[in-house]
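J.: A structural model of the following input is requested.
(one chain, ligands or ions: 3)
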Amino acid sequence: MAASCDTVRMADFFAGVPSIAFKGPDCNEPLALRQYDASALVEGRPMRDHLRFASCYWHTMRNGLSDPFGAPTAQMPWDDGTDSLDNALRRVDAFGEFLSKTGIGFWCFHDRDVAPERDSLVATERDLHTVIERLESMQRSTGARLLWGTACLFSHPRYMHGAATSPDVRVFLHAAAQVRVAMEATMRLGGEGYVFWGGREGYTTLLNTDLRREREQLATFLHLAVVHARSIGFTGQLYIEPKPHEPSTHQYDSDVEATLNFLREFGLINHVKLNIETNHATLAGHSMEHELRAAIAAGALGSIDANMGTPGLGWDTDRFPTDLALTTQVMLAVLDMGGFTTGGLNFDAKRRRESFTPEDLVIAHLAGMDAFAAGLKVAAAIRKDGRLAAFVRDRYSSWQGDLGRRILSRGANLAELHRLAHDLEAVEPVSGRQEMLEDIVNQITIRALR
Ligand code: XLS
Ligand code: NI
Ligand code: NI
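T.: Ligands and ions are numbered 1, 2, ... in the order given. The predicted structure follows:
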């Protein structure tokens, strides 16, 4: 039965925002879903389980939308602007309302965004503990689950030279303490993952940097975290989130392939997967598709920070992912991988500074959800159509015979291959047909969304 296009309104922090429902592609109301029908099946599985949408606390609850040239603009009726515990607890209530109204099933957090940093670690940890308790009850009342947690090892001035990669061992201690507490809080909240985003784990200038030592410090830090996770029985997945730079000049986990190399070099590859962010791919000069496929080829794609950048701008603008071609490529990669296990699509995204009302927060998430739901449908249609996969299979068909198998299993030598090459007739080149394949994707997209 087609859902009707009218809304039920309830008043609270998000006054005027109803419980969001799927209303189908013909509904023009902004506060509704047109493509994302959580329980509709795609490839035999509910969309909800394919997409595993998460909202992040740092942008949704804490980002006032300031930029390097201008003051915050966001209206946050739940926030009195202080760092009091009461204010921190009220934000949790507002976030719970946001999650239940939008129907977003997962969330992600940084320790210092949910609770303020105090003058001593004791006081900081005490307040964090109180907020974690409130978050636990928020989860119980909304049914929301924690996709992943992390420690903010980049905002406090002590981390200006890095956290794990700091030249000062006392800063390393601070970072270790924070990761221990944040990981235990994540575990207590039932978190399915824990992320390392090394925002300052890189350098500003090589003139003052011992790069070899800093990479070893970072690897040691990650080993400590792996051992601790095991010792407390945390079974969630650990992830590294690559990013090339900003605020650093260079980050050691600059892109997927560099991070995989780092993990292999330091014996971490079996313990840590990747959380890949679209805007970081853009900053690294790669497509998101490239980053995802490179991670999948190594069996290391864990989770996704679903956003998009502004090509050419050079900033991590974290726009909401509304580009259908992008969401199609992402979901095609995820389906080809066999779907998420512990991971999901975390909207590491913020509204533009000019979209400052609480409704914009909701509308922006809905736009991302609908774009990903459409991308999922198109990706499933591409797989069902089968022409792309068949083209790729055929393209490598000459490798299917005995010779190809023997070469790849290292059962041939150059002298033999040299001899065989002499026996060959002229090799006829075969077209790669890129434009034809791009048109096939366009045609399937148009049909799938009709
Ligand atoms: C910033 C990162 C950050 C991580 C979590 O560029 O994307 O938001 O996802 O610390
Ligand atoms: Ni991110
Ligand atoms: Ni980012």
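J.: just the strands in the chain please.
T.: 41-42, 45-46, 53-56, 106-110, 145-150, 193-196, 202-203, 237-240, 250-251, 272-277, 301-305, 345-347 (DSSP state E).
J.: any chance of those strands in JSON lines, with distance to residue 18, mean pLDDT and mean neighbour count too?
T.: (C-beta placed from N, C-alpha, C; glycine too.) What follows is the strands of the chain, written out as JSON lines (distance: least, CB to CB, whole Å; pLDDT from 0 to 100; neighbours: other CB atoms under 10 Å):
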{"stretch": "strand 41-42", "distance to residue 18": "26", "mean pLDDT": "98", "mean neighbour count": "16"}
{"stretch": "strand 45-46", "distance to residue 18": "23", "mean pLDDT": "98", "mean neighbour count": "12"}
{"stretch": "strand 53-56", "distance to residue 18": "17", "mean pLDDT": "99", "mean neighbour count": "26"}
{"stretch": "strand 106-110", "distance to residue 18": "20", "mean pLDDT": "99", "mean neighbour count": "26"}
{"stretch": "strand 145-150", "distance to residue 18": "23", "mean pLDDT": "99", "mean neighbour count": "25"}
{"stretch": "strand 193-196", "distance to residue 18": "31", "mean pLDDT": "98", "mean neighbour count": "24"}
{"stretch": "strand 202-203", "distance to residue 18": "44", "mean pLDDT": "98", "mean neighbour count": "22"}
{"stretch": "strand 237-240", "distance to residue 18": "35", "mean pLDDT": "98", "mean neighbour count": "24"}
{"stretch": "strand 250-251", "distance to residue 18": "42", "mean pLDDT": "98", "mean neighbour count": "21"}
{"stretch": "strand 272-277", "distance to residue 18": "31", "mean pLDDT": "98", "mean neighbour count": "27"}
{"stretch": "strand 301-305", "distance to residue 18": "28", "mean pLDDT": "99", "mean neighbour count": "27"}
{"stretch": "strand 345-347", "distance to residue 18": "20", "mean pLDDT": "99", "mean neighbour count": "27"}
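J.: export those strands to CSV and tack on distance to residue 328?
T.: Output for the strands of the chain, formatted as CSV (distance: least, CB to CB, whole Å):
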stretch, distance to residue 328
strand 41-42, 13
strand 45-46, 18
strand 53-56, 17
strand 106-110, 22
strand 145-150, 22
strand 193-196, 25
strand 202-203, 32
strand 237-240, 24
strand 250-251, 29
strand 272-277, 16
strand 301-305, 14
strand 345-347, 14
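J.: Generate CSV for the ones you listed, with distance to ligand 1 as supplementary columns.
T.: Below are those laid out as CSV (distance: least, CB to the nearest ligand atom, whole Å):
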stretch, distance to ligand 1
strand 41-42, 27
strand 45-46, 26
strand 53-56, 7
strand 106-110, 6
strand 145-150, 5
strand 193-196, 6
strand 202-203, 12
strand 237-240, 10
strand 250-251, 10
strand 272-277, 5
strand 301-305, 5
strand 345-347, 7
